[in-house]
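1. structure, please.
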Amino acid sequence: MIAVLAGGVGAARFLSGLVGVVAGSEVTVIGNTGDDAVLHGLHVCPDLDTVTYTLAGAVNPETGWGLAGDSFGAMDALDRFGVATWFRLGDRDLATHLYRTQRLGAGATLSEVTAEIVAAWGLKIALLPMTDDDVRTRLRLADGREVDFQEYFVHLRHGVAVESIDYARAGSARPAPGVEAALASAELIVLAPSNPLLSIAPILAVPGIGEAVARRRDRVVAISPIVAGRALKGPADQLLVELGHESSAAGVARLLGPYASVLVLDTADAGLAGAVSALGVRPIVTDTVMRTPGVAAELARVTLAAVGKAR
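-> Okay, the predicted model is just below:
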C-alpha cells in the first residue's frame with residue numbers, strides 16, 4: 001500500500017498519475033483539512049474535493065478545482081441579497097457540500113462522509129481526512145489581521161504578506177481512523193508536491209502523524225513543489241521567503257528532511273542536487289511539471305522506484 005499526504009491541485013495531479021501506474025485500491029490518501037471552511041452554512045473541504053474530482057475525471061481543467069462545466073446561478077442569486085460570494089461554489093459542486101453538511105449534522109464523522117463521497121464517484125482509493133476534529137490554518141498578516149486560509153488565499157488572493165501561520169487546534173486533534181495504521185504499514189509514503197507550509201505542515205502538526213512519518217523516514221519520498229525558485233501554482237514561493245525560508249528545492253529539503261529521506265526535484269533544479277544531498281536528503285532529478293498525464297505517470301514511476309517499489 002502507498003500512503004500519500006496530499007493538499008490540493010498539485011497533489012491531485014500527482015495522484016492522477018499514480019493511479020495510472022498502480023491500482024487505486026493500493027493507494028491511501030491522507031488529505032489536508034486545515035483549509036476547510038463553513039461557507040453559506042455549508043461545510044466545504046477544498047483539498048478533499050479537489051482530489052476526488054480530479055481522480056473522477058470531473059475537475060475543472062482551467063482552475064484545477066471545482067467541477068468542469070459548472071454554472072454559478074446560486075452564487076449569482078445570492079449577490080442580490082448582498083451576501084459575500086468571493087468564494088464561488090458551483091451549482092453542481094453545491095451538491096457535495098449539501099450532502100456533507102447534512103451527514104455531519106446527522107452525526108456522521110468527516111471520515112465516514114468522505115468515504116461515502118469517494119464511493120459515490122466510483123473511486124477505489126481510500127481518502128482519509130487527516131483528522132475528524134476541527135483544525136484550521138490561520139495566518140497572521142503583516143498588516144496585523146488574522147485570517148483563515150480561504151480569506152487569505154481566495155478573498156485576498158494571497159496578496160498580503162504573512163507574518164506567521166498557526167494550525168489552530170491541531171495540538172488537541174487526533175488522527176482520523178485509519179491514518180496511523182496506513183502510515184505504519186505503507187510500503188512507501190509520499191509527501192505530494194503541495195505547499196509545504198499550508199498543505200503538508202498542517203497534516204504533520206496533528207499529534208501522531210508527524211511522528212509516524214518521521215519513524216518511516218527511510219520509506220518517505222517528498223516531491224518538491226518549487227521549480228526554479230517558483231511555485232507552479234499558489235503562494236508557496238512567496239510564503240517561504242516571507243517566513244524566513246529559502247524558496248528552492250533545497251529550502252524544501254531543509255523543511256521536509258526530518259520526515260523524508262528522498263526529495264524528487266525538477267530537472268531545472270539539477271544544480272541543487274548537491275545542496276539537497278548535503279542536507280542528508282537523497283536527491284532524484286526528473287521532470288516534475290505535470291503538463292500531461294504521461295508526465296504525471298512517469299513522475300509516479302520515478303517516485304515509486306525511489307525506495308525500491310518499481311512499476
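2. so where's the chain uncertain?
-> Low-confidence segments of the chain (pLDDT under 70): 309-311.
3. could you chop it up by domain?
-> Annotated domains of the chain cover 2-134+171-305, 136-170 [automatic domain parsing].
4. where does A305 fall, phi/psi-wise?
-> Here is the backbone geometry of A305 (degrees, to the nearest 10): phi -70, psi -20.
5. tell me how many other residues crowd it.
-> Neighbour count for A305, taken as other CB atoms under 10 Å: 14. C-beta: built from backbone N, CA, C; applies to glycine.
6. and L265, by the same measure?
-> Applying other CB under 10 Å, we find 27 residues neighbouring L265.
7. so how far is the first residue of stretch 144-160 from its last?
-> Separation of the first and last residues of stretch 144-160 by CA to CA, to the nearest Å is 10 Å.
8. now find how far off-centre that stretch is within its chain.
-> Its chain's C-alpha centre and that of stretch 144-160 lie 18 Å apart, by CA atoms, centre = their mean, to the nearest Å.
9. same question, stretch 96-115
-> Distance of stretch 96-115 from its chain centroid, counting by CA atoms, centre = their mean, is 20 Å.
10. can you give the contact residues for it?
-> Stretch 96-115 is contacted from outside by 31, 33, 39, 41-45, 48-49, 89, 116-117, 126-129, 131-132, 176-178, using CB atoms under 8 Å, 6 or more residues apart in numbering.
11. for stretch 169-178, same thing?
-> Here stretch 169-178 makes contact (CB under 8 Å, 6+ apart) with 28, 34, 109-111, 126, 128-136, 202, 205-209.
12. tell me which residues in it are buried?
-> For stretch 169-178, burial by neighbour count (16 or more other CB atoms under 10 Å) applies to R169, A170, A173, P175, A176.
13. residue contacts, R217?
-> P258, Y259, A260, S261.
14. the same query, at a cut-off of 7 Å, please.
-> Listed by CB atoms under 7 Å, 6 or more residues apart in numbering, the contact partners of R217 are Y259, A260, S261.
15. cool, and P235?
-> By CB under 7 Å, 6+ apart, the contact list for P235 reads H158.
16. neighbours of the spatially closest residue to D79 that is not a sequence neighbour, how many?
-> Spatial nearest neighbour of D79, excluding adjacent residues (CB to CB, 6 or more residues apart in numbering): T85 at 5.8 Å. T85 has 17 neighbours, counted by other CB under 10 Å.
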